[in-house]
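Engineer: structure, please.
(one chain, ligands or ions: 1)
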Amino acid sequence: MLGEEERCRIRKFVAEDLDSVCEIEVESFPYPYPCKLFLAYQALFPELFLVAECSGRVVGYALAIAERGGRAHVISIAVAPKFRRRGLGRALMLHLEERFRRLGLGEVVLEVAVSNTAAISLYRSLGYSVVRRIRRYYPDGEDAYLMSKKLL
Ligand SMILES: CC(C)(COP(=O)(O)OP(=O)(O)OC[C@H]1O[C@@H](n2cnc3c(N)ncnc32)[C@H](O)[C@@H]1OP(=O)(O)O)[C@@H](O)C(=O)NCCC(=O)NCCS
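Structural biologist: Residues are numbered from 1 along each chain as shown. All right, here's what the predicted structure looks like:
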């Protein structure tokens, strides 16, 4: 799957991946999560923190939590700039969704910046739709869309 020359796979995050994940985070977001927050998420939901590894190198991650009421919440997803548009973001989301199903979670929600056309396209292509707009969700004042998808 995925890259032309690279062999890629999706697997669970382990603590040794932390530096790579933090690097991807800094490259991907104007307001990156502090590195130690990733370890807190891993401690909470280790099954829902995945990385994309290509030829031994971690080049993407996705993490989610399970909420009350059988709902999954995707907290973050990012792919290193050089590895984008190769299907890794989609693969990470699909692997997460499979894990949500196995946990009996019937719905997924996530927030995305209204200007983030790449991420919105990815989510729409996977069947997510906008529930509502959340005013001034981000630290710079940008609005977010709350998007959701029902899992069968
Ligand atoms: C959003 C992100 C994770 C997508 O990862 P990716 O590995 O590049 O995505 P994929 O290659 O799996 O793309 C799947 C589909 O998403 C859509 N898509 C992805 N990037 C796109 C872009 N730049 N423009 C338009 N559509 C895009 C397309 O429909 C694409 O399918 P296609 O390549 O067959 O046309 C990546 O752009 C990223 O890390 N962005 C910075 C961090 C971020 O914004 N995260 C989301 C926070 S809510």
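Engineer: please enumerate the strands of the protein.
Structural biologist: Ranges of strands within the chain are 8-12, 49-54, 57-67, 71-79, 107-113, 129-134, 144-150, based on DSSP state E.
Engineer: same list, these, but as CSV with distance to residue 35, mean neighbour count and mean pLDDT please.
Structural biologist: Every C-beta, even on glycine, is put in place using the N, C-alpha and C of the backbone. Shown next, in CSV, are the strands of the chain (distance: least, C-beta to C-beta, whole Å; neighbours: other C-beta atoms under 10 Å; pLDDT from 0 to 100):
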stretch, distance to residue 35, mean neighbour count, mean pLDDT
strand 8-12, 18, 15, 97
strand 49-54, 14, 23, 98
strand 57-67, 12, 21, 98
strand 71-79, 13, 22, 98
strand 107-113, 21, 18, 98
strand 129-134, 26, 12, 98
strand 144-150, 23, 17, 98
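Engineer: please tabulate these in a markdown table, including the columns distance to the ligand.
Structural biologist: As requested, the strands of the chain are exported to a markdown table (distance: least, C-beta to the nearest ligand atom, whole Å):
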| stretch | distance to the ligand |
| --- | --- |
| strand 8-12 | 10 |
| strand 49-54 | 8 |
| strand 57-67 | 6 |
| strand 71-79 | 4 |
| strand 107-113 | 4 |
| strand 129-134 | 12 |
| strand 144-150 | 8 |
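Engineer: ok, residue 136 to the ligand distance?
Structural biologist: Separation of residue 136 from the ligand (C-beta to the nearest ligand atom, to the nearest Å): 16 Å.
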